[in-house]
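>>> got a structure for you, letters missing:
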């Protein structure tokens, strides 16, 4: 059977063996190393009371179904602005703007949302700014001379709800601000609250007549999502870097089973998909919580999991630390 060549003439009678290489269909080596951010989408009611201060657009993503995300605006629309998962994308994009990244939204139907109250006292005699920090995010609150705690709290609520990227919805009564997390789960108890973090040297001073506010975690939040359906829906989708903002034993075991070295795991010989999990954990006791992190590492030493230990006083929540940690992995 004659073979058609591009450069060797068909009437060539020269003996020996002639070979022609056609590079037109050659491709460049391609390694798909997508990232996957796992987290909760907004699930709490979008308004409170008879006169809601703001209306939030409900998320459009389907729970437990992975979806590629190309921008922060898309993440906000899919998972709800200020949600745990949308906040992860914000932290991820801040550290890595060019990686292929997917989102895997979950819910926690059986849990409860965290609730934090902030109490203001004193009537101001000098106007100024209350520098409030919610999960490391700066919320400046303007306070005028003669403002009572009730007025100052109402100003704080307006400033908080105006920033829809925050993970909370705020209401107030008689000088007490109530912050409710936008999703259900025990991770809500990790949300930090601080005032005038940078102090006088950073230009953050309380308005005259206002003592430093106090805050109380009245409900730390309960429940952890079940990842059974989410992992099943992920199927054989290749993901190399996974942001998992949960460090409880059940969540770690579920994902370690999926990414482990067993026959059915992604590192197993039958699948050979590979990939690595990234998480973060805050120390619970003392100033740094270092001893807690050492004890945790001794009980959860997984070959396919890396957990970033963070200090107790670190402002950003664990889900943002996790996403930022995961975002830096491709450049390791």
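On my side now, so go ahead. Worth saying up front: this structure is predicted, and the values here are computed from it rather than measured. Numbers count the residues shown, from 1 in each chain.

>>> who touches the residue nearest to residue 125 when sequence neighbours are not counted in this structure?
Leaving aside its chain neighbours, residue 125 sits nearest to residue 209 (4.3 Å; criterion: C-beta to C-beta, 6 or more residues apart in numbering). Where you see a C-beta, it was placed from the backbone N, CA and C, and this is true even at glycine. By C-beta atoms under 8 Å, 6 or more residues apart in numbering, the contact list for residue 209 reads 122, 123, 124, 125, 126.

>>> in stretch 204-224, what's buried?
For stretch 204-224, a neighbour-count test (16 or more other C-beta atoms under 10 Å) marks 204, 206-207, 209-210, 213, 215, 219-224 as buried.

>>> for the record, mean pLDDT for that stretch?
Here stretch 204-224 scores 90 as its mean pLDDT.

>>> and if you look at stretch 181-188?
Averaged over stretch 181-188, pLDDT sits at 89.

>>> other residues contacting the helix or strand of the chain with the lowest mean pLDDT?
Least confident element among the helices and strands of the chain, by mean pLDDT, DSSP states H and E: helix 290-299 (a mean of 85). Applying C-beta under 8 Å, 6+ apart, the external contacts of helix 290-299 come out as 247, 249, 281, 283, 284, 285, 307, 309.

>>> point out where the chain drops to low pLDDT.
1-3, 24-31, 44-56, 285-288, 331-332 (pLDDT under 70).

>>> where is the longest helix in it?
Taking DSSP state H as the criterion, the chain has its longest helix at helix 149-162.

>>> heading C-terminal from that helix, find the next helix or strand.
Sequence order places strand 168-173 as the next helix or strand after helix 149-162, per DSSP states H and E.

>>> and residue 174, how far from residue 186?
Per C-beta to C-beta, to the nearest Å, residue 174 is found 29 Å from residue 186.

>>> and these two? which has more neighbours close in?
Between residue 174 and residue 186, counting by other C-beta atoms under 10 Å, residue 186 is the more crowded of the two (17 against 10).

>>> pull the contacting residues for that one.
Taking C-beta under 8 Å, 6+ apart, one finds 111, 220, 221, 222, 223, 224, 248 in contact with residue 186.

>>> sort out which one of the buried residues of stretch 204-224 lies nearest residue 92 for me.
Residue 92 has its nearest neighbour among those in residue 224, at 21.5 Å by C-beta to C-beta.

>>> isn't that closest one up against residue 185?
Yes. Counting by C-beta atoms under 8 Å, residue 185 is a contact partner of residue 224 at 6.5 Å.

>>> spit out the residues that contact those two alike.
108, 111.

>>> so what does residue 41 look like in phi/psi?
Note on residue 41: its backbone torsions stand at phi -90, psi 160 [degrees, to the nearest 10].

>>> against residue 227, how distant is it?
Taken as C-beta to C-beta, the span from residue 41 to residue 227 is 14 Å.

>>> give me the more crowded residue out of these two.
Set residue 41 next to residue 227 and count neighbours by other C-beta under 10 Å: residue 41 wins out with 24 against 21.

>>> can you list the domains in the chain?
Annotated domains of the chain cover 35-108+224-331, 113-219 [automatic domain parsing].

>>> can you put the ones you listed in CSV and add distance to residue 14?
Below are these laid out as CSV (distance: least, C-beta to C-beta, whole Å):
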stretch, distance to residue 14
domain 35-108+224-331, 47
domain 113-219, 73
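
>>> residue 4 is nearest to which of the ones you listed?
With C-beta to C-beta as the criterion, residue 4 lies closest to domain 35-108+224-331 of those, at 38.0 Å.

>>> now the contacts of residue 186 as TSV including secondary structure?
As requested, those are exported to TSV (DSSP: H, G, I helix; E, B strand; the rest coil):
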residue	secondary structure
111	coil
220	coil
221	coil
222	strand
223	coil
224	coil
248	coil
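
>>> can you tell me which of those residues lies closest to residue 148?
The closest of the contacts of residue 186, once distances to residue 148 are taken by C-beta to C-beta, is residue 220, at 29.9 Å.

>>> next, count neighbours for the nearest residue to that closest one once chain neighbours are set aside.
Closest residue to residue 220 apart from its sequence neighbours, by C-beta to C-beta, 6+ apart: residue 189 at 3.4 Å. Number of residues near residue 189 (other C-beta under 10 Å) recorded here: 16.

>>> quick one: residue 189 from residue 295, how far?
Distance from residue 189 to residue 295, by C-beta to C-beta: 19 Å.

>>> for residue 221, same thing?
In terms of C-beta to C-beta, residue 221 sits 23 Å off from residue 295.

>>> equivalent analysis for residue 126, please.
For residue 126 relative to residue 295 (C-beta to C-beta), the value is 47 Å.

>>> for residue 4, same thing?
Relative to residue 295, and taking C-beta to C-beta, residue 4 is found at 71 Å.

>>> go on, residue 187?
Residue 187 is 20 Å from residue 295, by C-beta to C-beta.
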